[in-house]
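[1] Everything below, folded, please.
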Amino acid sequence: MPHWLLSDGTPFYYEDAGTGPGIVFVPGWTFTTRVWARQTAALGERFRVIACDLRGAGRSGKTPAGHGFSRYARDLHELFVGLNLDDITLVGWAMGATVAMHYTALAEVVGRVGRVVWVDHSPCFYALPQWPFALYGSLTPEALERTLDQLLADRPRATNALLDDIFSEGIGDEDRQAFYADSFLTPTSVAVRMLGAVAATDLRPQLGALKVPCLFVNGARSVVPSGVGRWMAGQVARGRHAVLQDAGHAPFWDQPSQFNALLEEFVGTSAENLEVA
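    Next up, the predicted model:
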């Protein structure tokens, strides 16, 4: 169970297996490397697969500070430099997509990331005029505030409700218990800060800065409107999108074979041959 010691002394947990082109998986809010098990096991024979727990989550260090996206991105950079990673495919799910976006904005990361996979995440959470891709189609700041209040007042209930939203088709009892327990590895105060921060971050103005090939993957049954992937693919220099019809907010878990096939094909696609959506 390796940990990279970050510059501020925080232990950063990661898993590293396989050889070949590098794929790095960044989980969403309070999730851990466990959520990528259906990718790391299947892809490890052909790729070098790396998954991490963000600071404050899973087996990484629990710090009261450092929970802004620039710091999360810096943590990734320190790990990538330490592992000598270049030309990776950076896969970010939900909040992990926001981390990935901030990582690509760092001045010194040129060459580190060759491709970005953005998994089921809206760049703007809230319903606004001329913006049809809010979470649930209609999320308001007031509704998000109620969720944050519930996390503070009754975290078990709030966590179960969020798991229901993420896995729209349900999951087995064993997996549900594991994801539930993983979520509680993040202190409640940090979990609230994470969720509030990602909801408040509008990434739309930054999309044009993504010059590497990008794949946007959505689940048709997700709380994130699946059309947002097509919209985002049109905002970047080289983008494509895909919708998995029988998947919810975690399409890589609900339809792992289809997701993994998309990912393998995308990693093997040169920037020159990537069709613009």
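[2] Tell me how far Arg193 lies from Asp175.
    When CB to CB, to the nearest Å is the yardstick, Arg193 and Asp175 sit 26 Å from each other. In this view, the C-beta of every residue, glycine as well, is placed from N, C-alpha and C.
[3] doesn't Asp75 fall inside a helix?
    Yes. Using DSSP: H, G, I helix; E, B strand; the rest coil, the secondary structure at Asp75 is a helix.
[4] which residues touch it?
    Contacts here follow CB atoms under 8 Å, 6 or more residues apart in numbering; on that basis Asp75 touches Leu6, Thr10, Phe12, Leu54, Arg55.
[5] could you flag which of the residues you listed are buried?
    In those, burial by neighbour count holds for Leu6, Thr10, Phe12, Leu54, Arg55, counting by 16 or more other CB atoms under 10 Å.
[6] ok, the last one touching Gly68?
    Meaning Arg55. No. With contacts defined as CB atoms under 8 Å, Arg55 does not count as touching Gly68, sitting 10.5 Å away.
[7] Which residues are in contact with Met101?
    When the contact criterion is CB under 8 Å, 6+ apart, the partners of Met101 are Phe69, Gly92, Trp118, Leu203, Gln206, Leu210.
[8] which among the residues you listed gets closest to Thr140?
    Ranked by distance to Thr140 (CB to CB), the contacts of Met101 are led by Leu203 at 18.6 Å.
[9] Just to check, the closest one is in contact with Cys124?
    Yes. The criterion here is CB under 8 Å, and Leu203 meets it with Cys124 at 7.2 Å.
[10] Only the buried residues of stretch 78-89, if you could.
    Along stretch 78-89, these residues count as buried under the neighbour rule (16+ other CB under 10 Å): Glu78, Leu79, Phe80, Leu83, Leu85, Ile88, Thr89.
[11] Stretch 145-162 too?
    By neighbour count with 16+ other CB under 10 Å, stretch 145-162 contains the buried residues Thr147, Leu148, Leu151, Ala158, Thr159, Leu162.
[12] again, but for stretch 93-110
    By neighbour count, with 16+ other CB under 10 Å as the criterion, the buried positions of stretch 93-110 are 93-104, 109.
[13] now do the same end-to-end measure for it.
    Taking CA to CA, to the nearest Å, the first and last residues of stretch 93-110 lie 22 Å apart.
[14] Give me the mean pLDDT for that stretch.
    Per-residue pLDDT values over stretch 93-110 give a mean of 92.
[15] what's in contact with stretch 170-189?
    30-32, 34-35, 56-59, 62, 64, 151-152, 155, 159-160, 163, 167, 191, 194, 253.
[16] gap between the two ends of that stretch?
    The first and final residues of stretch 170-189 sit 27 Å from each other (CA to CA).
[17] burial measure for Ala178, as a count.
    Applying other CB atoms under 10 Å, we find 16 residues neighbouring Ala178.
[18] ok now the helix or strand that contains it, how far from the chain's centre?
    With elements delineated by DSSP states H and E, Ala178 resides in helix 173-183, which encompasses its position. Relative to its parent chain, helix 173-183 has a centroid offset of 18 Å by CA atoms, centre = their mean, to the nearest Å.
[19] Check which residues of that helix are buried.
    For helix 173-183, the buried set under the neighbour-count rule, 16+ other CB under 10 Å, comprises Asp175, Ala178, Phe179, Asp182, Ser183.
[20] Export those residues as a markdown table, with columns for distance to Gly239 and pLDDT.
    What follows is the buried residues of helix 173-183, written out as a markdown table (distance: CB to CB, whole Å; pLDDT from 0 to 100):
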| residue | distance to Gly239 | pLDDT |
| --- | --- | --- |
| Asp175 | 32 | 95 |
| Ala178 | 34 | 97 |
| Phe179 | 30 | 97 |
| Asp182 | 31 | 98 |
| Ser183 | 31 | 97 |
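[21] Going by residue numbers, what spans are helices in this structure?
    With DSSP state H as the definition, the chain shows helices at residue ranges 37-43, 69-82, 95-104, 141-153, 155-166, 173-183, 188-200, 228-233, 251-254, 256-267.
[22] Now render those helices as TSV, adding distance to Gly219.
    Shown next, in TSV, are these (distance: least, CB to CB, whole Å):
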stretch	distance to Gly219
helix 37-43	14
helix 69-82	24
helix 95-104	14
helix 141-153	20
helix 155-166	10
helix 173-183	16
helix 188-200	18
helix 228-233	10
helix 251-254	4
helix 256-267	10
